[in-house]
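> Here is a sequence together with a model predicted from it:
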Amino acid sequence: MISLARMTRRLVIGVLAVTAIMASTLVFAGDSAYRGISVQLWSVKDNVTEDVKGTLKSLADMGFDAVELAGNLGEFGDDAAGFKAYIDSLGLEISGAHVGFDKLTEENIDATIAFYKTLGVEWLIIPADGRAWSDEGIEKIVAQLNETAKILAPHGMKIGYHNHQDEFNDYADSSYWEYMIENTSDDVVIQLDISWAYFAGKDPVDLINRYGDRIRTAHMKAQVTQYDKVMPVIKEAAPGNWGEKMGIVFGELNKVTHADNGITSIVGQDLVDWQAVVEQFAKSPEPVWLVVEQEVYPEGMTPMQAVEASKKGLEKLL
């Protein structure tokens, strides 16, 4: 249910915002299809570093229901209780946190659990791991996710995994991503990044239809091209590692979104069929967090302006 603090904030923002929410065919409360609209703080990471309080206040004023953490808490880096108190004062929730496996090793996991329990975070989501797209590594990833799920369960927490494009490479008659889902327990949360799935040439609607019982959170991020269009550039550059490869990918994404071609990296102004995506999510067995993320920004727009524009683009579909 919507917290009193969040309801109060929305009322303060104005009657028009409340009216828009009430008019929506899919409401963010109770038995609705969605838990709300969150924003991945990586999208505005420089703003968080420079002024975390002001950034969070601006995001709350934009009407976001929650934030998804990406490690950087600005001045609250060592003060989980202080960050939680400030978030609560704004009426914001924390929809999850991106946490690498390095924070979940035997020597680090107790401190990690304590920190995120103080923040009230339920889902610790692995943002990426190169083993997840290798024949040698996928079994290790599956085993580690299952093992970590058991460790977190007594604390009321769950481990999760967020995809990029390479998890959709062919493996075992399907893909690494599908193999991961089919061989991990239901206690492992799947965060589907719609943008990277589309970039990989997959149909996000089909993925949601088949795995909607496991997808509890989704990155709602615009996509302006697909992998097959970028492959010639990658092959010519012959990157030495995944980081270099992704640098090339982002370079190509920036070229497209900065071009005068009617396509931008704002949700609703890109190539993804977002209407079909949200309609499929509406059929999910449990409410899903919709998490706005920006990794590419239209020319002339700041990161804060971009996430607000993508939020508005998403809301038009709900």
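Looks like it came in fine.
> And the strands in the stretch 1-150 of the chain?
Across the stretch 1-150 of the chain, reading from the start of the chain, the strands by DSSP state E, counting those that start in this stretch fall at 34-40, 66-69, 93-98, 123-126.
> Just give me the residue right at the centre of the chain.
The residue at the geometric middle of the chain, judged as the C-alpha nearest the mean C-alpha position with Cα atoms, centre = their mean, is residue 219 (3.5 Å).
> what sits against that residue?
Contacts were defined as Cβ atoms under 8 Å, 6 or more residues apart in numbering; by that measure residue 219 touches 40, 162, 191-196, 291, 293. Bear in mind the C-beta positions are built from the backbone N, C-alpha and C, glycine included.
> buried residues in stretch 115-128?
Judged by neighbour count using 16 or more other Cβ atoms under 10 Å, the buried positions of stretch 115-128 are 115-116, 119, 121-128.
> same check, this time on stretch 251-265
Using 16+ other Cβ under 10 Å as the burial criterion, the residues of stretch 251-265 that qualify are 252-254, 256-258, 263-265.
> For the chain, which helix or strand comes out least confident on mean pLDDT?
Sorted by mean pLDDT, DSSP states H and E, the helices and strands of the chain end with helix 15-23, the least confident at a mean of 38.
> and the residue nearest to the centre of the chain, that's in a helix?
No - read with DSSP: H, G, I helix; E, B strand; the rest coil, residue 219 is strand and lies in no helix.
> What distance do you get for the closest residue to it other than its chain neighbours to residue 94?
In this structure, residue 219 finds its nearest non-sequential neighbour in residue 193, 4.1 Å apart by Cβ to Cβ, 6 or more residues apart in numbering. Noted for residue 193: a distance of 19 Å to residue 94, by Cβ to Cβ, to the nearest Å.
> okay, the two: which has more neighbours?
residue 193 (27 against 21; other Cβ atoms under 10 Å).
> which residue sits closest to residue 222, ignoring its sequence neighbours?
Sequence neighbours aside, residue 270 is the residue nearest to residue 222 in space, at 3.7 Å (criterion: Cβ to Cβ, 6+ apart).
> go on, residue 74?
Beyond its immediate neighbours in the sequence, the residue positioned closest to residue 74 (Cβ to Cβ, 6+ apart) is residue 52, lying 2.8 Å away.
> next one: residue 171
By the measure of Cβ to Cβ, 6+ apart, the closest residue to residue 171 outside its immediate chain neighbours is residue 179, 5.6 Å from it.
> What about residue 283, how many residues nearby?
The burial count for residue 283: 10, using other Cβ under 10 Å.
> Contacts only, for it.
Under the criterion of Cβ under 8 Å, 6+ apart, the neighbours of residue 283 are 33, 209, 212.
> Can I get stretch 244-253 in PDB, CA atoms only?
The C-alpha coordinates for stretch 244-253 follow below in PDB (Å, rounded to 0.1, in the frame of the first residue of the first chain):
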ATOM      1  CA  GLU A 244      36.200  -1.800 -24.100                       C
ATOM      2  CA  LYS A 245      33.400  -3.500 -26.000                       C
ATOM      3  CA  MET A 246      30.700  -1.600 -24.000                       C
ATOM      4  CA  GLY A 247      32.600   1.600 -24.500                       C
ATOM      5  CA  ILE A 248      32.100   1.100 -28.300                       C
ATOM      6  CA  VAL A 249      28.500   0.200 -27.700                       C
ATOM      7  CA  PHE A 250      27.800   3.400 -25.800                       C
ATOM      8  CA  GLY A 251      29.600   5.400 -28.400                       C
ATOM      9  CA  GLU A 252      27.300   4.100 -31.100                       C
ATOM     10  CA  LEU A 253      24.200   4.700 -28.800                       C
END
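> can you list contacts of it?
Residues from elsewhere that reach stretch 244-253, judged by Cβ under 8 Å, 6+ apart: 164-165, 224-225, 229-230, 233-234, 237, 239, 265, 295-296.
> what ranges do the strands span in the stretch 201-318 of the chain?
Taking DSSP E, counting those that start in this stretch as the test, the strands found in the stretch 201-318 of the chain are 215-220, 288-292.
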